[in-house]
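> coordinates only, no sequence provided:
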């Protein structure tokens, strides 16, 4: 992992002192709430329905076991014993007292963490995929450039008051697991003809009220120009992005208004002025940062472990977990393990107790290299586990309720915190998530269904990324009543697509039945082991509409 | 201007003798020396021969392209940029462009919703004086300039990014 040097330490420590002073000035009334608002937002502090919520940055989703223990301590000491992992690979604490925030930030700073720019109209946490550095299909490790971007964007004075929030993701695998296409800037890192690092820069993606996948702004950008190119994009956006309407302020609206060609001309013109010079990245800096991401001391293992093979054959529950919750590793004899935070109706997606965090940190020390990742699907990942140790690890995870074998299945659903916590939400998304998890709790059925992503957002802001779920559920308020609209056919990754609405919205209690009819339709039409989303791509919406909304007369006839 | 912070001999201080005065472009003032006029009024007065770029100042709103000042950039003693709301960050980019692209070397002043917690950011982007919002005290706001000031990226005030400075250590 990247280790802070003296500069990094000095910055986060100073930031704590600065915010302590700002909180004091707020509490004394010297700062109005209006003036305090952007200051607290840029330190990750939201005012929610019942209390303050603190969002802690987990840069590109990477945590040390020590850092995870620190988060557990915060959950225990300052919150109600749990935290919530978000779709931006961050963690949120929902029950925070303003007076205690400086102490929490101090604890974070002492453990090389912070909450800087996890909110506000600035560049947010840089994300990448949870399997960076270990995935078998990875081209180049994206983490050094992600860390370089993190540093560059942290307190970058020109870009802290943008028209709106700004999200950047970088990925470098065959299968895009970082949802780069729905980001303001999506970066795809790949080797050029001579093996040198190149970037495809995509711009103008985003979900929210106006879901758009980003478009390619530039191909083949040499990596040395990453920062100047992003700077050019941000300068054009900062100057010309709309500020009159919050809902039209994201860069996607500017890109759409100008058209990608005209926008690209603006960026290129700006970039030509700054491309060569002090802001060009150096090899020395790349190496300095990349040192933090050297592979750990892997053992030379055989790809086949007889004992592991025996357990697979002997214990079908273990075999199921392995099939669903582990991923191929680039080093023989190792696997990456996805730890599901979605045990079903008992706990909201993404929530984890302090005890679970502590246990997971211990297991990372015991069986891994003291490292944990956060996936944007809100699950956690132990990246480097010997196959030999998978069985004992599985047993330990079971003891704390972290071994649900449902990664990529229907109940591995993504949901925003919704109206139970959030001020913006127009509906409560968690009860809908719970009802779906209750209805479909039969693992055999889930496995038979195969891979399906289901995303729930409690309002049009789309924090649950419902547009890119194979099944998307969007909560809408209609004259004070909660309704839920279903979209299907959304997808993330290389074949990203936005889901399409299948028909009129449902009341909360109707949703599980509607989903069941949808799934039944799929099972009727699927060919061999065709995935849900491919079945929709093949057949279009019509048969699913018919299945979900049976004709009125036939309903009466059967009643 | 009152309630204004500037630099004297490299040190931030409250300007007690600042002679600049913001006036409406259509005010009938005989002498526009030491007056600040908003663009495009400034240009109209210039064309009418009623002011000289060397002795009057111009205020740009956030939607004005700083390029418009290119013809006079070496002669202007003061350019003011307007923050209509402190959440409106366009003037940071305007300031950067005035300094790095147009090579402006005179005084660059922040006006409008100018508050203590943003002064350092403004200084990084090339501002050299700050007319603090009327209901706030400059004597308090000036503390904002002595806070921790390390950034990673390059800026106008620190033209090399941290990694280049690191490499020399």
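Structure's in. What do you need? Since this is a predicted model, take the numbers as computed values, not measurements.
> for the residue nearest the centre of chain B, give the beta-bridge partners.
Centrality entry for chain B: nearest residue to the mean C-alpha point is residue B:109, 2.0 Å, by Cα atoms, centre = their mean. On the basis of DSSP bridges, residue B:109 is bridged to residue B:80, residue B:129.
> my read: it touches residue B:81, true?
Yes: between residue B:109 and residue B:81 there is a contact at 7.2 Å, judged by Cβ atoms under 8 Å. All C-beta spots, glycine's among them, are computed from the backbone N, C-alpha and C.
> now do the SS call for residue B:111.
Under DSSP: H, G, I helix; E, B strand; the rest coil, the three-state class of residue B:111 is strand.
> pLDDT score for it?
Listed pLDDT for residue B:111 reads 98.
> ok, it - contacts?
B:22, B:59, B:80-83, B:131 (Cβ atoms under 8 Å, 6 or more residues apart in numbering or on different chains).
> where do the contact lists of residue B:109 and residue B:81 overlap?
residue B:127.
> am I right that residue A:172 is in contact with residue A:190?
Yes: judged on Cβ under 8 Å, residue A:172 makes contact with residue A:190 at a distance of 6.5 Å.
> more neighbours: which of those two?
More crowded of residue A:172 and residue A:190, by other Cβ atoms under 10 Å in any protein chain shown: residue A:172, with 26 against 15.
> on the three-state scheme, the nearest residue to the more buried one once chain neighbours are set aside is what?
Once flanking residues are discounted, residue A:172 sits nearest to residue A:189: 3.9 Å by Cβ to Cβ, 6 or more residues apart in numbering or on different chains. Following three-state DSSP, the label given to residue A:189 is strand.
> quick one: contacts for residue A:496?
A:176, A:179, A:181-182, A:213, A:468.
> wait, what's in contact with the closest residue in space to residue A:161 that isn't next to it in sequence?
Once flanking residues are discounted, residue A:161 sits nearest to residue B:89: 2.8 Å by Cβ to Cβ, 6+ apart. The neighbourhood of residue B:89, defined by Cβ under 8 Å, 6+ apart, consists of A:121, A:158-162, A:238.
> does the most centrally placed residue in chain A count as helix, strand or coil?
Against the mean C-alpha coordinate of chain A, by Cα atoms, centre = their mean, the closest residue is residue A:376 at 2.5 Å. Three-state call for residue A:376 (three-state DSSP): coil.
> domains in chain A, by residue range?
A:6-110, A:143-292, A:306-399, A:414-548 (automatic domain parsing).
> those domains: which one's closest to residue B:55?
domain A:143-292 (29.6 Å; Cβ to Cβ).
> quick one: end-to-end length of the closest one, please.
For domain A:143-292, the first-to-last residue distance is 9 Å (Cα to Cα, to the nearest Å).
> please apply the same query to stretch A:327-342.
So stretch A:327-342: terminal residues 18 Å apart, Cα to Cα.
> again, but for stretch A:471-485
Start-to-end, stretch A:471-485 (Cα to Cα) is 10 Å.
> buried residues in it, which are they?
Of all the residues in stretch A:471-485, those buried under the rule 16 or more other Cβ atoms under 10 Å in any protein chain shown are A:471-475, A:482-485.
> can you check stretch A:171-182 too?
So stretch A:171-182, judged by 16+ other Cβ under 10 Å, has buried residues A:171-173, A:176-182.
> and which of those residues is nearest residue A:113?
residue A:178 (20.7 Å).
> need the longest helix for the chain.
Using chain A. Using DSSP state H, we find that the single longest helix of chain A is helix A:6-27.
> my bad, chain B
Chain B, longest helix under DSSP H: helix B:90-100.
> so what secondary structure elements neighbour it?
For helix B:90-100, the elements it packs on are helix A:226-240, strand B:78-83, strand B:107-112, helix B:119-124, judged by 3 or more Cβ pairs under 8 Å, 6 or more residues apart in numbering or on different chains; DSSP states H and E.
> could you list the buried residues of that helix?
Result for helix B:90-100 [16+ other Cβ under 10 Å]: buried residues B:90-100.
> got CSV for the residues you listed, with distance to residue A:308 and pLDDT too?
Listed next are the buried residues of helix B:90-100 as CSV, based on distance: Cβ to Cβ, whole Å; pLDDT from 0 to 100:
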residue, distance to residue A:308, pLDDT
B:90, 59, 98
B:91, 62, 98
B:92, 56, 98
B:93, 57, 98
B:94, 62, 98
B:95, 61, 98
B:96, 57, 98
B:97, 61, 98
B:98, 65, 98
B:99, 62, 98
B:100, 59, 97
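> ok, the residue of chain A found nearest chain B - contacts?
For chain A and chain B, the shortest gap (Cβ to the nearest Cβ) falls at residue A:161, measuring 2.8 Å. Residue A:161 makes contact with A:38, A:121-122, B:86-89, B:92, according to Cβ under 8 Å, 6+ apart.
> of those, closest to residue A:100?
Among the contacts of residue A:161, and counting by Cβ to Cβ, the member closest to residue A:100 is residue A:38, at 20.8 Å.
> separation between the closest one and residue B:92?
Relative to residue B:92, residue A:38 is positioned 14 Å away (Cβ to Cβ, to the nearest Å).
> cool, residue A:551 as well?
Residue A:551 is 59 Å from residue B:92, by Cβ to Cβ.
> where's residue A:133, which helix or strand?
Secondary structure assignment for residue A:133, by DSSP states H and E: no helix or strand.
> what residues does chain B have near chain A?
Within chain B, the positions lying close to chain A (Cβ under 8 Å from any Cβ of the partner chain) are B:86-90, B:92-94, B:96, B:101, B:115, B:117, B:120-122, B:124-125, B:147-148, B:150-155, B:159-164, B:166-167.
> now with 7 Å?
B:87-90, B:92-93, B:96, B:101, B:115, B:117, B:121, B:124-125, B:147-148, B:150-155, B:159-164, B:167 (Cβ under 7 Å from any Cβ of the partner chain).
> is it possible to mark the buried ones in these?
B:87-90, B:92-93, B:96, B:115, B:117, B:121, B:124-125, B:151-155, B:161-164.
> circling back: give me the common contacts of residue A:172 and residue A:190.
By the contact definition Cβ atoms under 7 Å, 6 or more residues apart in numbering or on different chains, residue A:172 and residue A:190 are jointly contacted by A:139-140.
> find the closest residue to chain A in chain B.
Counting by Cβ to the nearest Cβ, chain B gets nearest chain A through residue B:89, at 2.8 Å.
> give me the phi and psi for that residue.
Reported as degrees, to the nearest 10, the phi and psi values for residue B:89 are phi -90, psi 20.
> can you give me every residue that contacts residue B:42?
Contacts of residue B:42 were listed using Cβ under 7 Å, 6+ apart, and they are B:25, B:56, B:58.
> go again using 10 Å as the cut-off
B:25, B:32, B:35-36, B:51, B:53, B:56-60, B:68-69, B:72, B:76 (Cβ atoms under 10 Å, 6 or more residues apart in numbering or on different chains).
> give me the buried subset of these.
When those are checked for burial by 16+ other Cβ under 10 Å, the buried set is B:25, B:32, B:35-36, B:51, B:53, B:56-60, B:69, B:72, B:76.
> where does residue A:198 sit: helix, strand or coil?
Per three-state DSSP, residue A:198 ends up strand.
> pretty sure it is touching residue A:145, no?
No: contact criterion Cβ atoms under 10 Å: residue A:198 and residue A:145 do not qualify, at 11.5 Å.
> alright, calling it a day.
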